Structures are given as C-alpha cells and as structure tokens.
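J.: Quick one, structure for this:
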Amino acid sequence: MDRLRTLALFKTVAEMGSFINAADVHGVSASVVSRAVADLEATLGVRLVERTTRHVALTAEGRGVLDQVAAVLQGYDELMASGRHGANEVTGEIRMTAPLSFVRSVSPAVAGFLAQYPKVSVDLQLRDAPGDLVQEGIDLAMRIAWDLPDTLIARRIGSAPLGLFASPSYLERKGVPQHPSELGEHDCLRYNGFGKSVPWTLEHPGTHERILPNVAGKLVTNSGDALLAAAVHGAGLVVLPLFLVAPAMREGTLVQVLADWHSPDLELFLTYSSRRNQPKRVRALIEWLAKHFESTPMDPTHVIPAQAGTLGGR
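T.: Predicted structure coming up:
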C-alpha cells in the first residue's frame, strides 16, 4: 500500500477513534484500514493503537507517532500546493547555450524575453560546442546545422541563408569568379565545425544546375567569426550565413560574389533533453524564440546595399 495513504489512514483512525468511520471517510473497507494500521505498526516495531470491539485508542507511542505523521502529511500538502503554484508561474533560472556567432541574433531575443518575464533569469553561455545537456544541467541549446541526429530532441525555429563572399582587396588581387567551376583557382576559407571539413555546394535556381566545386585553401577552422575576420582581411573566398556578414557588407569590407548561385540554407534548432515535464519558464522561452525568429528572419538582405551583390554572376 502507498505509504502516504497508510499514514493518512492511521491519522484518520486516530482522529475518529474508529476503523469503520475512517473507512467511510476514505471510501474503503474497514479491513483495509485495519491492515494499514497493522502494517504501520509492523514497520515501526511499536503498538500504535489499543483495539476494542467499540473503540480504538492510541497508545503513548501512537500519540507520538501521530504528531510526526500529521507533520509529514502537512508537509506533503504544502509541497503539492507549492509545486502547482510554481508550475503555473513563469519564474526561475534557465541555462542556455548558443553558438558564438549568434550573439547579435540571440541577445536581443533573450533581452525581450526577460523584459516580458521579470521573474526569470537566463544564464546564456556562448560557445560553438553545445555540450551534454543532461550532464551540464543545460535547459536549452541553440544549434545551427543542415540537420541533426535523430537521437536529439529538437524544434526547428528558422533558417539561415548562406552566400559566397570576399573582400574587395582579395577580388582586385585574384579576380572575380564568374562561375563555380573557377573556385578551384582561388583561396577558399573552409569551415569544419561539424567534425569534418564541410564541402561547398552551389545551386543555380534558374537552371537548377548543382555544383560541388573542388575548393582548397590555407585556412580551415571551426569558427565562423574566424572565417569572417580572415575574409575581411583579404585571405580568400568564404561561404557564410548572411546574418553573420551583414555588418561587413554594410561597411563595404565584404561583397557577395556569384550572387545568382545559392548554397542550401542552414537550419536553426532549439534542442532540449526531454519534452516531458518541462518547466513553464523553458516552454515560454522556446515559444518566445520561435516567434522571434519567425518575425525576425535571419536573412538581413533588407539592410544590405544593393550594389553588394553585383560582383560576379550579375
């Protein structure tokens, strides 16, 4: 029998002085109540009640146990009430990770969330490795990838268009490629953040031509920011998300090349350890981020000067 139920039955017997009356209160038979009290006596190793044909009286030990049982049951009731209240209130701390390159995108979203939910705090760790959610106690991790392993619980909340970019100084020195087949003649800065060097894929939406150019270069790194900095300083051509290069394009330190050729969009995911019994604060942040990136897509082309995409392919 459930231990809390056993304690509750004993408490009612003690208060009413009767197995039968206690049974009526709990909707069970008198034999069930009697067996529960006997089981409790056996567990504690003391006699709790004196039984007569008409009445049940507590022993001295029973009176002492009753006080403790009442405290346990009251504590349980308070715990349940507190849990129900907490479950309905958006409060507490959320531990979250996001890629380093997301700082300009995720920080405004989190700031808006905190303004909406003042009783919540967010511990936001910016790093490219998401880590072990369970082992590190992470509630939520933002990931950017073309896809994720089936073993991960994830929700897609947006996409990040990619483009091919270079600095004006590099293009003046090496020339502007007019077709993806020419990329093998250039210094190409490559990303290997998914455990291996990521191949470049370029597609032409008009002709449906798809090319995987044979690219090579002197820099391979797992950091989008490192690739961006190297490209700005004229180290070579680079494929990066538009949201990451938008500031450099506004400043004129990077321009888009082969603008008519597109790379498959990266997908933006939120990953978490379980869908069951998520704290309300975590569910609220998931919905907030999903709505934020739906209303603020990670495609900043509306703020990029038109002439930035005119080199090569146009």
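
J.: Show me where the stretch 151-300 of the chain has its strands.
T.: 153-166, 188-191, 202-203, 210-211, 220-221, 237-241, 255-257, 263-272 (DSSP state E, counting those that start in this stretch).

J.: Distance from the last one to the middle of the chain?
T.: In terms of CA atoms, centre = their mean, to the nearest Å, the centre of strand 263-272 is found 13 Å from the chain centre.

J.: One more: the fifth one?
T.: Computed by CA atoms, centre = their mean, the separation of strand 220-221 from the middle of its chain amounts to 27 Å.

J.: Could you do the second one as well?
T.: Taking CA atoms, centre = their mean, the mean C-alpha location of strand 188-191 is offset from the chain mean by 29 Å.

J.: What is it packed up against?
T.: Applying 3 or more CB pairs under 8 Å, 6 or more residues apart in numbering; DSSP states H and E, we find strand 188-191 packed against strand 220-221, helix 224-232, strand 237-241. C-beta here means a position set from N, CA and C on the backbone, and glycine is covered the same way.

J.: do the same with the third one
T.: Using 3+ CB pairs under 8 Å, 6+ apart as the contact definition, the elements that strand 202-203 packs against are strand 210-211, strand 263-272.

J.: what mean pLDDT does it have?
T.: Mean per-residue pLDDT for strand 202-203: 86.

J.: And the pLDDT at the nearest residue to residue 152 once chain neighbours are set aside?
T.: Nearest non-adjacent residue to residue 152, counting by CB to CB, 6 or more residues apart in numbering: residue 271, 5.2 Å away. pLDDT for residue 271: 86.

J.: if we can go back for a sec, of all the helices and strands packed on strand 188-191, which one comes closest to residue 286?
T.: strand 237-241 (21.8 Å; CB to CB).

J.: just to revisit the earlier point, go through the helices and strands packed on strand 202-203 and pick out the most buried.
T.: strand 263-272 (a mean of 19; mean count of other CB atoms under 10 Å).

J.: Residue 290: which of the strands of the stretch 151-300 of the chain is closest?
T.: strand 153-166 (4.5 Å).

J.: What pairs with the closest one, parallel or antiparallel?
T.: The strands that strand 153-166 pairs with in its sheet are strand 237-241 (antiparallel), strand 255-257 (antiparallel), strand 263-272 (antiparallel) (by DSSP bridges).

J.: Of those, which is nearest residue 94?
T.: strand 263-272 (10.6 Å).

J.: Please enumerate residues in contact with the closest one?
T.: The contact list for strand 263-272, computed with CB atoms under 8 Å, 6 or more residues apart in numbering, reads 130, 133, 139-148, 152-164, 200-203, 239, 241, 278, 282, 286, 289-290, 293, 298.

J.: okay, the spatially closest residue to residue 187 that is not a sequence neighbour: pLDDT?
T.: Spatial nearest neighbour of residue 187, chain neighbours left out: residue 236 (3.4 Å); criterion: CB to CB, 6+ apart. The model reports residue 236 with a pLDDT of 93.

J.: give me every residue that touches residue 236.
T.: Neighbouring residues of residue 236 by CB under 8 Å, 6+ apart: 166, 170, 186-189, 217-219, 230.

J.: Give me the number of neighbouring residues for residue 121.
T.: 13 (other CB atoms under 10 Å).

J.: tell me which element it falls in.
T.: strand 120-126 (DSSP states H and E).

J.: Which strands and helices lie in contact with that strand?
T.: strand 92-98, helix 103-116, helix 280-295.

J.: Is it possible to get TSV of these that adds mean neighbour count and mean pLDDT?
T.: Below are the helices and strands packed on strand 120-126 laid out as TSV (neighbours: other CB atoms under 10 Å; pLDDT from 0 to 100):
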stretch	mean neighbour count	mean pLDDT
strand 92-98	19	90
helix 103-116	15	88
helix 280-295	17	88
